[in-house]
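>>> Need coordinates for the below:
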Amino acid sequence: MLPIGDDDQPGGGLPIVNLAIIGINVLVFVLLQLPSDAFTMGFSAIPREITHGIDLTGPQTVALPDGTSAVIDEAPGPSPIWLTLFSSMFMHGGWLHLGGNMLFLFIFGDNVERLYGWLKYAVFYLICGLVAAYAQILSNPESVIPSLGASGAISGVLAAYLVNFPNNRVRVLVGFRYVTQVPALVMIGLWALLQFVNGIGSIAVTDQTGGVAYWAHIGGFIAGIVLAFLLRLVIGRGSGAAPTYAS
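Numbers count the residues shown, from 1 in each chain. Purely as a prediction, here's the structure:
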């Protein structure tokens, strides 16, 4: 199921932070990553760099699950190196990676920003992204495989959407032709279940399965759930809010 729209909540104005995050992600990919592999290798989050406080440069050998090995040519990163925890959450591994993440953020992020307000939403997004990065790092602290993408932070946004708008109708594309509507509880719930299943399965394989950092998704989602419930104490939002008008 691919989400293509949802029920919007009125009020709150233009979701400027959500749109700005989307714009930054696109610009970083087009202007910085496409022209230079060195930027991608230098500014991605590498677990061993974070856990040891070092900036790895040059060829690094990586053991593969099939018993073979590969070489990753690391590039210089920012100083201090922990800044890659922030830079990596605005980077992507390709057009499909970028497009999928930005689609999810565009559909689900606006309602969450309108609910929290732009400042709380910005802080919420960054915290979820940081927790997601650390969750991936802790899954294999010695890994030299670069980790990048907004998926962890967006997982937190999905969690907040699930807590506050579980009954909102999400329009999904099934296959290539059929469009239907399902509750957010079903759409996001199935997505979350898939992340947990794959994350647990990856323990026996490697820190990343098929190039997907599932533990980052799990960490961001859990952080989003916790923060969403804490924020409900502040803003007094009841769960199960009924949808208003369709976008």
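>>> what sits against the nearest residue to residue 172 once chain neighbours are set aside?
Distances taken as CB to CB, 6 or more residues apart in numbering place residue 1 nearest to residue 172, at 4.2 Å, with adjacent residues excluded. (C-beta placed from N, C-alpha, C; glycine too.) Contacts for residue 1 (CB atoms under 8 Å, 6 or more residues apart in numbering) come out as 172-174, 182, 187, 190.
>>> for this structure, what helix or strand is lowest in average pLDDT?
strand 245-246 (a mean of 30; mean pLDDT, DSSP states H and E).
>>> contact partners of stretch 91-111?
Contacts for stretch 91-111 (CB under 8 Å, 6+ apart): 2-6, 8-9, 15, 18, 21-22, 25-26, 28-29, 33, 40, 43-44, 121, 148-151, 154, 157-158, 161, 164-165, 168, 170, 188, 211.
>>> 7 Å instead, please
Stretch 91-111 has contacts (CB atoms under 7 Å, 6 or more residues apart in numbering) with 3, 5-6, 8-9, 15, 18, 21-22, 25-26, 28-29, 33, 40, 43-44, 148-151, 154, 157-158, 161, 165.
>>> And for stretch 83-90?
24-25, 28, 43-45, 49-50, 77-78, 129-130, 133, 147-148, 150, 152-153.
>>> residues in contact with the closest residue to residue 40 other than its chain neighbours?
Spatial nearest neighbour of residue 40, chain neighbours left out: residue 33 (5.0 Å); criterion: CB to CB, 6+ apart. Listed by CB under 7 Å, 6+ apart, the contact set of residue 33 reads 39-40, 91.
>>> likewise residue 152?
Here residue 152 is in contact with 89, 128-129, 132-133, 216-217, 219-220 (criterion: CB under 7 Å, 6+ apart).
>>> Check which element follows the helix or strand hosting it along the chain.
In this assignment (DSSP states H and E), residue 152 forms part of helix 151-164. Remark: after helix 151-164, the chain's next helix or strand is strand 169-174, criterion DSSP H and E.
>>> how big is the angle separating the helix or strand following that following strand from helix 151-164?
Scanning forward in sequence from strand 169-174 by DSSP H and E, the next helix or strand is strand 178-183. Strand 178-183 and helix 151-164 are oriented at 60 degrees to each other (axes from the mean of the first three to the mean of the last three CA atoms, to 10 degrees).
>>> and after strand 178-183, which helix or strand comes next?
Sequence order places helix 184-202 as the next helix or strand after strand 178-183, per DSSP H and E.
>>> now that next one and strand 169-174, what's the angle there?
Relative orientation of helix 184-202 and strand 169-174, computed by the same axes, to 10 degrees: 60 degrees.
>>> can you give me how far helix 184-202 is from the chain middle?
14 Å (CA atoms, centre = their mean, to the nearest Å).
>>> Give me the packing partners of the helix or strand just after that helix, helices and strands only.
Downstream of helix 184-202, the next assigned helix or strand under DSSP H and E is helix 214-235. In terms of contacts (3 or more CB pairs under 7 Å, 6 or more residues apart in numbering; DSSP states H and E), helix 214-235 is packed against helix 118-139, helix 151-164, helix 184-202.
>>> Just the mean pLDDT for the last one, thanks.
Which is helix 184-202. Averaged across helix 184-202, the pLDDT comes to 80.
>>> Let me see the residues that make contact with it.
With CB under 7 Å, 6+ apart, helix 184-202 has contacts from 1, 3, 158, 161-162, 165-166, 168, 170, 172, 209, 214-215, 217-218, 221.
>>> let's go with 8 Å and repeat that
Residues from elsewhere that reach helix 184-202 (CB under 8 Å, 6+ apart): 1, 3, 6, 108, 139, 155, 158-159, 161-162, 165-170, 172, 208-209, 212, 214-215, 217-218, 221.
>>> tell me, what residue is most central in the protein?
Residue closest to the average C-alpha location in the chain (CA atoms, centre = their mean): residue 151, at 1.7 Å.
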